[in-house]
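In: Here is the input, now give the coordinates:
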Amino acid sequence: MFLFIKLLTPIFFSPLVFVVAIGAGFFFYRRNKKYGRWIIVASLIMLYALSTEIVARSLVTSLERRVSSVATDMIPADVSAIVVLAGGADKKDAYHPFAELGGVSWRRLWQGIVLYRVLNGRIPLLYSGGSGNPFDPVSDEAVLAKEYAVSAGIPAEQFLIESSSRNTAESGRAIKTILESAFPKQTPKRIVLVTSAWHMPRSLAIMQRVGIDALPYSADFRGGVSRISFEDFFPSNGSFVASFFALHEWIGIVGYRILGWI
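Out: Numbers count the residues shown, from 1 in each chain. A predicted model of the protein is given here:
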């Protein structure tokens with residue numbers, strides 16, 4: 001199932017889907033001009049809409065508004081860990097002279113570090129996430145995140161890592177196992193969950209499904225309320241990417257419900 005989902009992602013969550021749709025439109029146009037024309041026009045309209053800021057912001061905000069972050073002064077004393085979910089990293093290779101966390105991961109990690117300091121270092125950090133690449137099962141992201149955190153002044157013994165999970169559902173189960181081992185008498189297991197605001201609804205549902213009482217603390221906001229301007233109707237690459245982030249999450253929520261993971 002994991003491999004199947006990962007192989008479908010670059011097909012349905014990339015510009016390739018529009019290339020295929022428009023190609024199909026031209027194919028049908030030779031046989032039925034009416035249907036072929038409708039397919040081509042609908043594909044172009046959808047491509048334009050998803051590439052505009054006004055549509056992208058609406059899609060992302062529809063996710064980010066579903067969950068409100070917990071206030072720091074409302075975090076109870078019995079929280080076991082501040083859990084930061086991984087978001088991807090670049091390995092050192094011919095194109096990258098050194099490994100580094102991706103932008104999503106860095107923004108999540110930094111908010112986890114900020115929260116750790118606000119809470120006076122009384123709650124340890126746990127960075128969770130391994131490789132989501134089915135053809136490269138080894139990930140150094142969690143180790144790299146720890147190096148960043150230690151460089152920022154977090155004691156090494158206060159930063160735990162989990163690098164075996166391949167997706168958010170597996171992260172939830174792995175985190176539950178770690179908490180049961182480290183805090184066997186705590187019921188329910190309680191954490192502060194740090195992840196992107198648009199990723200929080202699905203992540204929170206997964207934690208609740210596995211029996212973890214997770215308090216949301218969102219980072220990496222991409223939506224928000226903004227005055228509509230003339231530029232919002234011009235297509236851009238950034239808006240297209242944001243739209244696909246949101247669509248990926250909504251379809252992920254539906255898929256996880258069908259699979260019984262949330």
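In: rest of the way, CA atoms for contacts and neighbours
Out: Will do.
In: Please name the residues that touch the residue lying closest to Val118 once chain neighbours are set aside.
Out: Nearest residue to Val118, sequence neighbours excluded (CA to CA, 6 or more residues apart in numbering): Thr72, at 7.7 Å. Residues counted as contacts of Thr72 (CA atoms under 8 Å, 6 or more residues apart in numbering) are Leu115, Val118, Leu119.
In: Thr52 too?
Out: Thr52 makes contact with Asp232, Phe233, Phe234, Pro235, Ser236, Ser239, Phe240, according to CA under 8 Å, 6+ apart.
In: wait, isn't the second one in contact with Arg57?
Out: No: between Phe233 and Arg57 there is no contact, the gap being 11.5 Å when judged by CA atoms under 8 Å.
In: and Asp90, bridged to which residues?
Out: Beta bridges link Asp90 to Glu100, judged by DSSP bridges.
In: Please, where are all the strands along this structure?
Out: For the chain, the strands defined by DSSP state E occupy 81-85, 89-90, 100-101, 125-128, 159-162, 189-196, 212-219.
In: other SSEs contacting the last one?
Out: So that's strand 212-219. Secondary-structure packing of strand 212-219 (3 or more CA pairs under 8 Å, 6 or more residues apart in numbering; DSSP states H and E): helix 103-118, strand 189-196, helix 200-209.
In: What strands flank that strand, and is each parallel or antiparallel?
Out: Sheet partners assigned to strand 212-219 using DSSP bridges are listed as strand 189-196 (parallel).
In: and the angle from the strand it pairs with to helix 103-118?
Out: Counting by axes from the mean of the first three to the mean of the last three CA atoms, to 10 degrees, strand 189-196 lies at 130 degrees to helix 103-118.
In: So, low pLDDT: which residues of the stretch 51-200 of the chain?
Out: Along the stretch 51-200 of the chain, the parts satisfying pLDDT under 70 run over 94, 134.
In: rerun at 90
Out: Within the stretch 51-200 of the chain, the ranges that satisfy pLDDT under 90 run 77, 89-99, 130-140, 182-188.
In: For the residue nearest the centre of the chain, which non-adjacent residue is closest in space?
Out: Residue closest to the average C-alpha location in the chain (CA atoms, centre = their mean): His199, at 4.5 Å. Spatial nearest neighbour of His199, excluding adjacent residues (CA to CA, 6+ apart): Glu249 at 6.8 Å.
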